[in-house]
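Undergrad: Show me the folded form of this:
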Amino acid sequence: LQVPRAPSQPMASSESRRFTNKHSKKALKASLTLGILLGMFFVAWLPFFVTNMTQAVCSCVPAGFFDVLTWLGYCNSTMNPIIYPLFMRDFKRAMGKYLPCCRRSGEPRPSAISLSMRNSNSGPHAATSLKNVL
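TA: Sure thing, here's the model as predicted:
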């Protein structure tokens, strides 16, 4: 038995190229962002871990140098909130929605009540969620 297939129209070559080009640009941007994040992580933490292993073997690392490398690793955590908005549009929108310093002039400010209602179990579905927990 063969199931007849509905005839499908092939995509025009320009549409196909545009579709492929759009997705390849997104993949390239995601790869670039991931590469930068991992690169920053390795630059910040690899010297610390190598020095830590060296310290365990020979105890020849000065305490001040070890402290500097520890703080270099801590600086990596400070860089993440800077890197994410630079390269990720969704992250930038989310930050702009909740932080007054990042909000555009025309966007409404979310109220504290709507934020607390969203983050709590209060509201019309509270009884059902409590029943599901018990």
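Undergrad: Now tell me which helix or strand of this protein has the poorest mean pLDDT.
TA: Lowest mean confidence among the helices and strands of the chain (mean pLDDT, DSSP states H and E): helix 126-133, at a mean of 48.
Undergrad: For the helix or strand harbouring Lys97, name the packing helices and strands.
TA: Lys97 is located in helix 89-98, with elements delineated by DSSP states H and E. With contacts taken as 3 or more Cβ pairs under 8 Å, 6 or more residues apart in numbering; DSSP states H and E, helix 89-98 sits against helix 63-87. Any C-beta I mention is one placed from the backbone N, CA and C, and that applies to glycine too.
Undergrad: Can you name every helix or strand that the helix it packs on contacts?
TA: Under the contact criterion of 3+ Cβ pairs under 8 Å, 6+ apart, helix 63-87 touches helix 13-58, helix 89-98.
Undergrad: Give me the contact list for that helix.
TA: Contact partners of helix 63-87, identified using Cβ atoms under 8 Å, 6 or more residues apart in numbering, comprise 29, 32-33, 36-37, 40-41, 43-45, 47-48, 51-52, 55, 91-92, 95, 102.
Undergrad: Select only the buried ones of the residues you listed in ChimeraX?
TA: Of the contacts of helix 63-87, the buried ones go into a single ChimeraX selection, burial set by 16 or more other Cβ atoms under 10 Å:
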select :33,37,40,44,45,47,48,51,95
